[in-house]
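Engineer: with the input below, show me the fold.
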Amino acid sequence: TYLSIKSLAMGTVSPKSAMGPVGIGSAAITFVRRGLIDFVHFMAIISVAVAVFNFLPLPVVDGGHAVLLGIEKIRGKPLPGKAMMAVQIAGWVLLLGIFVAVTWNDIARLVGW
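Structural biologist: Here you go, the predicted structure:
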């Protein structure tokens, strides 16, 4: 999962290859048709990918909270409220942007655009 994220960030893999909820649902249907073992394996891979994404140092996920707590520990006091709010909003905007982009790609892939 980390290598996939790194490849996306470095541009060696096209962002159009990323799947969002629509693509994951479509793939899940394909794996269910192949059999229970394939479906459970696919769902395990999705679960691991979500867990890894959760540990990334993005402000609104657990990895971001750990980074902010580390900054707080180094500073000896919490970040100002406005700074925390700005960081959280930036994280939400980033995550929502990613969500919209991958969902758009999923729909385009299904429709054949």
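Engineer: the residue nearest to residue 92 when sequence neighbours are not counted: how many residues sit nearby?
Structural biologist: Among residues not flanking residue 92 along the chain, residue 60 sits closest, at 5.5 Å (CB to CB, 6 or more residues apart in numbering). Where C-beta positions appear, they are placed from N, C-alpha and C, glycine not excepted. Residue 60 has 17 neighbours, counted by other CB atoms under 10 Å.
Engineer: so residue 60, which of the three states?
Structural biologist: Secondary structure, DSSP: H, G, I helix; E, B strand; the rest coil: residue 60 is coil.
Engineer: quickly note the distance from it to residue 70.
Structural biologist: 16 Å (CB to CB, to the nearest Å).
Engineer: coming back round to it: quick check: phi and psi on the residue nearest to residue 92?
Structural biologist: Backbone geometry at residue 60, expressed as degrees, to the nearest 10, gives phi -100, psi 0.
Engineer: wait, it sits on residue 96?
Structural biologist: No - contact between residue 60 and residue 96 fails when scored by CB atoms under 8 Å: they sit 9.8 Å apart.
Engineer: what helix or strand is residue 97 located in?
Structural biologist: Here residue 97, judged by DSSP states H and E, is contained in helix 81-111.
Engineer: for residue 107, see how far away residue 69 is.
Structural biologist: According to CB to CB, residue 69 stands 37 Å off from residue 107.
Engineer: what about residue 28, how many residues nearby?
Structural biologist: If you count neighbours by other CB under 10 Å, residue 28 ends up with 14.
Engineer: for residue 63, see how far away it is.
Structural biologist: If you go by CB to CB, the gap between residue 28 and residue 63 works out to 26 Å.
Engineer: who's sitting farthest from the centroid in the chain?
Structural biologist: Using CA atoms, centre = their mean, the residue of the chain lying farthest from its centre is residue 76. It sits 30.8 Å away.
Engineer: just the pLDDT for it.
Structural biologist: Note for residue 76: predicted pLDDT of 94.
Engineer: and what of residue 15?
Structural biologist: 83.
Engineer: and the nearest residue in space to it that is not next to it in sequence, what element?
Structural biologist: Distance criterion CB to CB, 6+ apart; nearest residue to residue 15, sequence neighbours excluded, is residue 8 at 6.1 Å. Per DSSP H and E: residue 8 is located in helix 2-10.
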